[in-house]
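**Q** how would this look folded up:
(one chain, ligands or ions: 1)
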Amino acid sequence: MFWLKPSQETSEHTGSYYAATANWQTDYPQLQGEVQADVAIIGGGFTGVNTALELAERGYKVVLVEANRISWGASGRNGGQIIGGIGHDHHRFEKWIGKEGIRRIFDMGVECCEIIRERVAKYDIQCDLKWGYGSVAIKPRHMREFEQWREYQEKNGYPHKLELFDSQGIKAYVNSDNYIGGLINHNGYGHVHSLNLCLGEARAAESLGVQIFEQSRVRNIVHGPRPEVHTDQGVVKAKYVVTCGNAYMGDLEPKLACKVLPSTSCVIATEPLSEAQIKQTLPADIAVCDPRTALDYFRLTADKRMLFGGLSNYTGLEPNDVVGTLRKKMLKVFPELADLRIDYGWSGQMGIGINRLTQLGRLSDNVFYIQAYSGHGVAPSHMTARVTAEMIAGHAERFDTFAKVKHMSWPGGKLLRRPAMALGMMYYKILDEL
Ligand SMILES: Cc1cc2nc3c(=O)[nH]c(=O)nc-3n(C[C@H](O)[C@H](O)[C@H](O)COP(=O)(O)OP(=O)(O)OC[C@H]3O[C@@H](n4cnc5c(N)ncnc54)[C@H](O)[C@@H]3O)c2cc1C
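**A** Here you go, the predicted structure:
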């Protein structure tokens, strides 16, 4: 692991393409003294901001407390890919939630993308939203999996067009010799400037009365009939608390920390492509992923840079040379980009759960948690926010669909769970190559 190092974080946004092109720099005050609220929210990524927004839309007085800046974590650093579906292989959860629960999760996996579509329109959020997505196949078995996936979606009434293409057909979307075909989702999945989406949602929440505090790390939650959220200089006293710190929450609540493993993923953004280079790479301007454990994901930004991500690992460390390592991966897919300058390179942490279903639940009667999207949370975080607001408003059915599923702790305790998972991931990477 000599080529890995801990990432150097400050409490300002990381040096990403997103931060450099953000619509505005947030400058919310630090929490000082005592504040009262109906709901206190910890963490200002997609999960926290959208939970606040959903609650404010329902008339609640909400206070959101963020350790760094709004969307400083995974929400402001990701690939910007809007991918529906929440969790995989839902039949595993039937013993807890029955067939109706599985159906509900399927439907929420569709609704989560629609929330983004509606929210962007309702609040006029400028975030380069674009529809169109492709899953690309490297092995023949990937094509069989895509075919089965399409059949499953269609059987369940998925409302958007899904189309399979062979190695020639896929080139109209992803012009690379690396792939033997792919499945295109024309209008249900897409891509977005994720930091600007989250900032726009924060502004919408603020316009509905949500009080936002930045640079205010929550050090302690005091549980009780009226729970309290303590920072170094202030306290929020609320009827309810929702923790949304995900992979960045550390040991604030040890019961949650042992169920979510922070895992690193890295992204680069090139200088803008010429028209000819766009035709040679992503002529249809869609977002793309391959189906491997340590997958490549890529898309064009609004100013036509190639934003290319990958290199997921469970060590929680980042490569010494994010740009050099990811550039090599990008050139394997698109060798014609060899002369392009790389303008940005960064990494971030995503929360991985063992069974890969997002974890929602109750730490007590009035303290709730949402975490562990397992690498795929841009759209699902909009859904978990909605069901948590519904639950607080007295309609717990959809929240409880998630809350009934049992989630195991990562084995190995605090010291050994990382090396154990890094080994596990290596095993899956080897399987991917077969
Ligand atoms: C590099 C990368 C690429 C990704 N690409 C994609 C993609 O293309 N598509 C996709 O669907 N998903 C992607 N993901 C995953 C997705 O970004 C996340 O699942 C999602 O953003 C999680 O949102 P969140 O709000 O739960 O967590 P975060 O965005 O991480 O927000 C958590 C926030 O909580 C704050 N916080 C933590 N502890 C405290 C505390 N004690 N007090 C106060 N605040 C606290 C943090 O500062 C942080 O701002 C990617 C993730 C990464 C890292």
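**Q** How are the helices of the stretch 301-434 of the chain distributed by residue range?
**A** Taking DSSP state H, counting those that start in this stretch, the helices of the stretch 301-434 of the chain run over residues 322-333, 380-392, 397-403, 413-433.
**Q** ok, now the stretch 1-150 of the chain?
**A** Under DSSP H, counting those that start in this stretch, the stretch 1-150 of the chain gives helices at 17-20, 46-57, 94-122, 140-155.
**Q** Deepest-packed of those, please.
**A** helix 46-57 (a mean of 28; mean count of other C-beta atoms under 10 Å). Glycine gets a C-beta too; all of them are placed from N, C-alpha and C.
**Q** which other helices and strands contact that one?
**A** Packing contacts for helix 46-57, counted by 3 or more C-beta pairs under 8 Å, 6 or more residues apart in numbering; DSSP states H and E, involve strand 33-42, strand 62-65, helix 194-207, strand 367-371, helix 380-392.
**Q** What mean pLDDT does the first one get?
**A** For strand 33-42, the mean per-residue pLDDT is 98.
**Q** now stretch 194-206
**A** Per-residue scores along stretch 194-206 average to 98.
**Q** Let me know whether it sits next to the ligand.
**A** No: contact of stretch 194-206 with the ligand (C-beta under 6 Å from any ligand atom) is absent, the minimum separation being 6.8 Å.
**Q** quick one on the thing from earlier: kindly reformat the helices of the stretch 1-150 of the chain as JSON lines containing distance to the ligand and mean pLDDT.
**A** Output for the helices of the stretch 1-150 of the chain, formatted as JSON lines (distance: least, C-beta to the nearest ligand atom, whole Å; pLDDT from 0 to 100):
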{"stretch": "helix 17-20", "distance to the ligand": "11", "mean pLDDT": "98"}
{"stretch": "helix 46-57", "distance to the ligand": "3", "mean pLDDT": "99"}
{"stretch": "helix 94-122", "distance to the ligand": "9", "mean pLDDT": "98"}
{"stretch": "helix 140-155", "distance to the ligand": "17", "mean pLDDT": "97"}
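**Q** who wins for proximity to residue 232 among those?
**A** helix 46-57 (19.1 Å; C-beta to C-beta).
**Q** Next, the angle from that closest one to helix 380-392.
**A** Angle of helix 46-57 versus helix 380-392, following axes from the mean of the first three to the mean of the last three C-alpha atoms, to 10 degrees, is 40 degrees.
**Q** burial count for residue 366?
**A** Neighbour count of residue 366, defined by other C-beta atoms under 10 Å: 18.
**Q** Lowest average confidence across the helices of the stretch 301-434 of the chain, which one?
**A** Looking over the helices of the stretch 301-434 of the chain, mean pLDDT reaches its minimum on helix 413-433, with a mean of 63.
**Q** for residue 106, what are its contacts?
**A** 90, 156 (C-beta atoms under 8 Å, 6 or more residues apart in numbering).
**Q** quick one, which of the helices and strands packed on helix 46-57 is packed in tightest?
**A** Counting by mean count of other C-beta under 10 Å, strand 62-65 has the highest mean neighbour count of the helices and strands packed on helix 46-57, with a mean of 28.
**Q** Packing partners of that strand?
**A** So strand 62-65, by 3+ C-beta pairs under 8 Å, 6+ apart, packs with strand 33-42, helix 46-57, strand 211-213, strand 234-243.
**Q** Just give the nearest non-adjacent residue to the closest residue to the ligand within the stretch 101-250 of the chain, would you?
**A** Closest to the ligand within the stretch 101-250 of the chain is residue 245: 3.0 Å, counting by C-beta to the nearest ligand atom. Leaving aside its sequence neighbours, residue 245 sits nearest to residue 43 (C-beta to C-beta, 6 or more residues apart in numbering; 4.1 Å).
**Q** Quick check: phi and psi on that neighbour?
**A** With angles defined as degrees, to the nearest 10, residue 43 sits at phi 110, psi 130.
**Q** Between the two ends of stretch 164-183, how far is it?
**A** This stretch, stretch 164-183, spans 4 Å end to end (C-alpha to C-alpha, to the nearest Å).
**Q** and residue 295, that's in a helix?
**A** No: if the criterion is DSSP: H, G, I helix; E, B strand; the rest coil, then residue 295 is coil and not within a helix.
**Q** Pull the contacting residues for the residue lying closest to it once chain neighbours are set aside.
**A** Excluding the flanking residues, the one nearest residue 295 by C-beta to C-beta, 6+ apart is residue 289, at 5.5 Å. Applying C-beta under 8 Å, 6+ apart, we find residue 289 in contact with 81, 83, 133-136, 295-297.
**Q** Could you rerun that using 6 Å?
**A** By C-beta atoms under 6 Å, 6 or more residues apart in numbering, the contact set of residue 289 is 135, 295, 297.
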